[in-house]
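Undergrad: Build me a structure from this.
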Amino acid sequence: MFKNYIKIAWRNLRNNKWYSAINIIGLGVGLASFVLVLLFLNYELSYDKWNPELDKIYKLGLEDKDGIAWNGATPEPLGRLITDKYSNAEAATRISGAGEYEILVGANDKKIYQKGITEVDSHFFKVFPYQLSSGNINTVLNAPNAAVITEAVKEKLFDNEDPIGKTIQLYGRLEVVVTGIMQSPDQPSALNMQVLFRSPYEKSNNHWQNFSYQTFIKIKKAVTAQQLEYDINNIYYTDQQKKDNLTYQQYLERDSKTLVFSEKLSALHNFPKSGGSNFKTIVILLVLAFLLLVAGAVNFSNLSIAASIKRAKEVGVRKVLGGNRRQLFWQFMGEAILFCSISLCIAILLVIALMPWFKQEFNIQFSIWGSNIPYFIFQIALSVTTVILLSGLYPSVFLSRFNTSKILKGNYSQGRSGLKLRNFLLVVQFTLSAFFVFAVIVITSQVHYMQTKDKGFSGAQIVRIEAQQGTREEGFDKARTALLSVPGVELVSKTTLVPGDAEVDTILNNYTFNGQTIKMTTVKVSADYFKTIGTPVLKGRDFNDSYADQNTRSIILNETAARLWGDQKAIGSFVGMPYCDSVKAEVVGITKDINVQDMANAVRPVAYSINNKACGYLSGGALLAKLSGNNLSQTIGNIETSWKQIEPDAPIRYSFLDENFQRIFNTYYTIQKTISFFALVAIMISAMGLFALTAYIIKERTKEIGIRKVLGAGVSDVVILVGRLFLRLIIAALLIAIPLSWLAATKWLQTFAYRIHLNWLMAAATILTIAVIVLVTIGTQAVKAAIANPVKSLRSE
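TA: A predicted model of the protein is given here:
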């Protein structure tokens, strides 16, 4: 019996190629989009799931009334304090990692730039369950200059040699000895660790004022996050914060307090308390992909109903020959299953074809055949089953209920119940289409706004040159002189906070002014920095080579920082700087705000000063060179030659500032392109469904149209007759879609510190787009019916 169902389904598919192609392709594209985003979601949710012990690990951070303090960093001794005084703590470690920042690593006359360089302590492997392929995990980090590298780094530096006991050089100056080789986990991790090393400056860094580390603890038995934080804060308060004989409970009731918070390692990638996450974006894409899949399923159902007039006599004949409703139901469900199976095959081919583009656009690495393939197959099976039920259940019931006597008499009407569902499905389709159109308009407008908004600096023809810390500090004057001697180089400067870098230091430090504390980000620059990047000094003066400027006795504020002074005159004011209590710095200028990140983040208050000679030490950053002229390639070539004299042991690494800043927006461009594709597919599916339904309506009313034409009706009258049947449905869809779209867009835009404002033109553009699609779709069918010979219409059955 089932074999016969499949044969009949295949015969129907072959005889109705147009309707079948619309059904299968629409459903296949929707299913492919959903599968791709589902793979993306599964990949993101797999972070730090590679070992059960990871569920016991928590990252600690500090927060005060202003939010997350020190960018999630903690004092160096915090882990030891918790281990000593918290009975549920099994172990603790602190790390300082470069993350995605590439560091120069050298060994065996080889030099590479490597990500994941991480300073650790001797307790690292007591917390993190990494495995070693070489070395004793209990002693591998005991030596003060020990280093553990991954298999990938070992291949880059040592090829097939045994690296144990050999020296590698980090940052161009720090020498450590390889004591072990670490296996990388087979699933993604929020912590990229490729080289672990002990620092020779470890003892001097051991003090509570050092906020250069992230602290992780491993607990013995599971507790709630609230209980964990309560216990740890009690210890932290008693040991470090207690004063004025306040009890811990009294301290918690104060407005001004600093508390420790915890983040589970397994949730660090997707749900961080400090830092950003792509998870909301993925969920949005998944919801939109699911809506697109629903649109395809609804289209299938609508087209099946629309095609039912052609199947009516077939159903009648089968019933006369003894076919019952159950058999007819499974016959049509068999067709739905066949169509969905073909759509799934098309979807899989599309996923395989689109996978390289998708991974490149979102900068991720995953595979269909991942480690959790049974769970993924279950997800796909559940999705396809849902689609089959959505697309095939009602048409199967609808067709199997045809009245035999009415069918054979030529009456195919099924009453108002079927009409209501058909109309409802059409409203759903165009609600989704309008939603996607509105989303594309909003996202395109926001991306354009971010592209054109004044960033506060000019990145054109500015080269960012990676330099070692020695070159940026004591060797800067020599490097600057060498680069300025290159024809085409106008200005050279340095900064610890480079606009356009993917990772920037936005830690807020405490500055004192007139008895009040003001939090600002400290940035160390050179005298020509603002000239190099084209940022104007709005009030006061720029830095110069004076003793005060060169020895951190002068600072320049950005506009955001200056506003924190309130009504006080900022220029000429003296400010107490962090780590510089005995000497105050004079505010000598106010410069324009510089947006160093994307528009999702507000500009931070910044205090600029020169050099690391006083008032705290900042590392990181880069050299910037402003180029002139049109022959950039020759200038770059000359810079490369000159760099061999500046850093002979390190290959030059450079990039253009405007290109770096543009890369920050890549995620938004990808979302824009993805949702535009979704919108195009949704519109095509809806238009095809409306086209088929219009044909169905005209087929039902063929004789009526013929009679109206005989009585004098023109083409416009027929178009109006057909169009008004759908007009109220499209209006209903728009009345639902516009408020929902407006609400969703408002929520999305709230994630940006700088954003566009929604306006009625966006809604009008959405309505106009849908109106044009509807008019073209209905008009072509209606005009065709209107110009048909009425004699043939009256003869039709």
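
Undergrad: in its sheet, what does the strand ranked longest in the chain sit against?
TA: Assignment by DSSP state E gives strand 580-591 as the longest strand of the chain. Taking DSSP bridges as the criterion, strand 580-591 forms sheet pairs with strand 537-540 (antiparallel), strand 554-558 (parallel), strand 574-577 (antiparallel).

Undergrad: Show me the one of the ones you listed that comes nearest Thr83.
TA: Counting by C-beta to C-beta, Thr83 lies closest to strand 574-577 out of the strands paired with strand 580-591; the figure is 33.9 Å. All C-beta atoms are positioned from the backbone trio N, CA, C, and that covers glycine.

Undergrad: can you tell me the average pLDDT over that closest one?
TA: The pLDDT scores in strand 574-577 average 85.

Undergrad: what about Thr517, is that helix, strand or coil?
TA: When classified by DSSP: H, G, I helix; E, B strand; the rest coil, Thr517 comes out as strand.

Undergrad: Strands along the stretch 401-550 of the chain, start to end?
TA: Ranges of strands in the stretch 401-550 of the chain, per DSSP state E, counting those that start in this stretch, are 462-465, 489-495, 508-513, 516-525, 537-540.

Undergrad: May I have the residues that are in contact with Ile117?
TA: When contacts are counted by C-beta atoms under 8 Å, 6 or more residues apart in numbering, Ile117 touches Gly97, Ala98, Ile103, Val105, Leu170, Gln194, Val195, Phe197.

Undergrad: mind running it again at 10 Å?
TA: 96-99, 101-105, 147, 153, 170-171, 174, 192-197 (C-beta atoms under 10 Å, 6 or more residues apart in numbering).

Undergrad: could you flag which of these are buried?
TA: Among the contacts of Ile117, the ones that count as buried by 16 or more other C-beta atoms under 10 Å are 96-98, 101, 103-105, 147, 153, 170-171, 174, 193-197.

Undergrad: Can I get stretch 629-639 in PDB, CA atoms only?
TA: The C-alpha coordinates for stretch 629-639 follow below in PDB (Å, rounded to 0.1, in the frame of the first residue of the first chain):
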ATOM      1  CA  GLY A 629      51.200  60.800  -1.700                       C
ATOM      2  CA  ASN A 630      49.700  58.300  -4.100                       C
ATOM      3  CA  ASN A 631      52.500  55.700  -4.300                       C
ATOM      4  CA  LEU A 632      51.600  53.900  -1.100                       C
ATOM      5  CA  SER A 633      53.100  50.600  -2.200                       C
ATOM      6  CA  GLN A 634      56.600  52.100  -2.700                       C
ATOM      7  CA  THR A 635      56.200  53.900   0.700                       C
ATOM      8  CA  ILE A 636      55.300  50.600   2.400                       C
ATOM      9  CA  GLY A 637      58.200  48.900   0.800                       C
ATOM     10  CA  ASN A 638      60.600  51.500   2.100                       C
ATOM     11  CA  ILE A 639      59.000  51.200   5.600                       C
END
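
Undergrad: which residues are contacting that stretch?
TA: Residues outside stretch 629-639 that contact it (C-beta under 10 Å, 6+ apart) are 461, 463, 465, 482-483, 485-490, 625, 627-628, 646, 652, 654, 656.

Undergrad: hmm, back to that, take the contacts of Ile117 and keep only those in helices.
TA: Applying DSSP state H to those, the entries found in helices are Val153.

Undergrad: Any idea how many residues pack against Phe678?
TA: Residues contacting Phe678 under the criterion other C-beta atoms under 10 Å number 25.

Undergrad: For Ile373, give me its contacts.
TA: Ser367.

Undergrad: Let me know the pLDDT of it.
TA: For Ile373, the predicted pLDDT is 80.

Undergrad: Can you give me the neighbour number for Ser391?
TA: 27.

Undergrad: State the distance from the spatially closest residue to Lys453 that is not a sequence neighbour to Glu503.
TA: For Lys453, ignoring the flanking residues on the chain, the nearest one in space by C-beta to C-beta, 6 or more residues apart in numbering is Tyr754 at 6.2 Å. Distance, Tyr754 to Glu503, by C-beta to C-beta, to the nearest Å: 20 Å.

Undergrad: Give me the more crowded residue out of these two.
TA: Tyr754 (15 against 12).

Undergrad: Does the more buried one touch Gln446 like I think?
TA: Yes: contact criterion C-beta atoms under 10 Å: Tyr754 and Gln446 qualify, at 9.5 Å.

Undergrad: Overlap of the contact sets of those two?
TA: Met599.

Undergrad: Let's see stretch 108-125 as CSV, backbone CA atoms only.
TA: C-alpha atoms of stretch 108-125 as CSV (Å, rounded to 0.1, in the frame of the first residue of the first chain):
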residue,chain,number,x,y,z
ASN,A,108,65.2,27.2,16.7
ASP,A,109,65.9,30.2,14.5
LYS,A,110,62.2,30.4,13.7
LYS,A,111,59.9,33.3,14.5
ILE,A,112,56.2,33.2,14.4
TYR,A,113,53.3,35.4,15.6
GLN,A,114,51.0,33.3,17.8
LYS,A,115,47.7,33.9,19.5
GLY,A,116,46.9,32.4,22.9
ILE,A,117,50.0,33.4,24.8
THR,A,118,49.0,33.1,28.5
GLU,A,119,50.9,33.8,31.7
VAL,A,120,49.8,31.3,34.4
ASP,A,121,50.9,30.2,37.9
SER,A,122,51.9,26.7,39.2
HIS,A,123,48.2,25.8,40.1
PHE,A,124,46.9,26.1,36.6
PHE,A,125,46.5,22.3,36.0
